[in-house]
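> structure for this input, please:
(chains A, B, C and D)
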Number of protein chains: 2
Amino acid sequence: MAEESIQEGKAAGAPGDTLHPDLISSVTADMPDEELLYDLAELFRIFADSTRIKILYVLFEAEMCVCDIAALLNMTQSAISHQLRVLKQAKLVKFRREGKTVFYSLADDHVRTIIGMGMEHLCE
Amino acid sequence: MAEESIQEGKAAGAPGDTLHPDLISSVTADMPDEELLYDLAELFRIFADSTRIKILYVLFEAEMCVCDIAALLNMTQSAISHQLRVLKQAKLVKFRREGKTVFYSLADDHVRTIIGMGMEHLCE
DNA sequence: ATAACATATGAACAGTTGTTCAAATGAAAG
DNA sequence: CTTTCATTTGAACAACTGTTCATATGTTAT
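Next up is the predicted model:
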């Protein structure tokens, strides 16, 4: 009857209160930093566009210049360039200049792994 | 001087033409279906929001009801419910009803793997 | 210098997305 | 039945995103 009872399955209170306070405490303690989780979402956001996925897939096979990627994907050079900038900023691709043309390639094999993981999930 | 020369590194034409036509042909042949690549992007789009990432991370540790997740993440029940619907449609979480409350949990271990992959990329 | 070409960039626009608010289910208890 | 509470849902709104268009860099050749 005392109001200060140990928290149990149910606790009286305004709507929106938690049903399992102790569970919440223990899970909260194990949660990574808010910032890290935000960065994680930001990373996946890079892969969340089909144009960027296509560009990365193309670069799986060969280093390529912007206008070739554009021709291959049947898109504007400008559109491709904009997306390459996003990929570049995320350090997922690197580039190399040779005269007038700029060749892009995958920055490392992590990209392959992550996309492969997604593919695996889809194809099962 | 003939216009019908074999394609080489450079081909005359309007700006926007491809620089390496044969490379393009071979890469195009190896590209997965447009639809598959679109679905892949759609999958990553689910992970591309920090609220959904947080929800999934919470469910790593325990099955939970909506209002507990809301309390834990300090967000509206409505907002959480909306996002759970997205996760449910993507078959990333499953649910179980017990009286008035609905408990959500991870659908399978693929979620863990994919998020783990992203974490690994971030933390190196 | 100018011309031609590959790429990059900025602004603008349409389309999408996440949250909030209010209202509607659904389920147990009085 | 009505009440209470957990959850869901729909509409509206602000914020964000990708493409297009026009223009600016940067590089090579004449």
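> ok, A:E34 - contacts?
Neighbouring residues of A:E34 by C-beta atoms under 8 Å, 6 or more residues apart in numbering or on different chains: there are none. Placement of C-beta: from N, CA and C, glycine included.
> also the one 4 residues further on?
Taking C-beta under 8 Å, 6+ apart, we find A:Y38 in contact with B:S50.
> name the element the residue sitting nearest the centre point of chain A belongs to?
By C-alpha atoms, centre = their mean, chain A has its centre lying nearest to A:F44, at 0.9 Å. A:F44 belongs to helix A:34-46 when assigned by DSSP states H and E.
> now that helix, how far from the centre of its chain.
For helix A:34-46, the separation from the chain centroid amounts to 6 Å (computed by C-alpha atoms, centre = their mean, to the nearest Å).
> so, in contact with DNA strand C or not, the following helix or strand past that helix?
Next along the chain after helix A:34-46, taking DSSP H and E as the criterion, comes helix A:50-61. No. On the criterion C-beta under 7 Å from any atom of the strand, helix A:50-61 is out of touch with DNA strand C, staying 11.1 Å away.
> follow-up on the earlier one: isn't the residue nearest to the centre of chain A right up against B:A48?
Yes. Between A:F44 and B:A48 a contact is recorded at 4.5 Å, counting by C-beta atoms under 8 Å.
> what does chain A put close to DNA strand D?
A:15-17, A:19, A:45, A:48-49, A:51-52, A:75-76, A:78-79, A:82-83, A:86, A:97, A:99-100.
> filter those residues to the buried ones?
Buried members of those, scored by 16 or more other C-beta atoms under 10 Å in any protein chain shown, are A:19, A:45, A:48-49, A:51-52, A:83, A:86.
> A:E61: which of those residues is nearest?
A:R52 (16.1 Å; C-beta to C-beta).
> and A:G118, how many neighbours does it have?
23 (other C-beta atoms under 10 Å in any protein chain shown).
> before we move on, back to that, tell me the confidence at the residue nearest to the centre of chain A?
A:F44 is assigned a predicted lDDT (pLDDT) of 97.
> who's in contact with it?
B:44-45, B:47-48, B:53, B:118.
> so, in contact with DNA strand C or not, stretch A:104-113?
No. No part of stretch A:104-113 sits close enough to DNA strand C to count as contact by C-beta under 7 Å from any atom of the strand; the gap is at least 7.6 Å.
> that stretch: how far from the chain's middle?
Distance, centroid of stretch A:104-113 to centroid of chain: 14 Å (C-alpha atoms, centre = their mean).
> now it: buried residues?
In stretch A:104-113, counting by 16+ other C-beta under 10 Å, buried: A:104, A:106-107, A:110-111.
> farthest-apart pair in those, please.
A:Y104 and A:H110 (16.2 Å).
> would you map the helices across chain A?
Using DSSP state H, the helices assigned to chain A run over residues A:21-30, A:34-46, A:50-61, A:66-73, A:77-89, A:110-122.
> who wins for proximity to B:F60 among the ones you listed?
Nearest of those (C-beta to C-beta): helix A:21-30, 8.5 Å.
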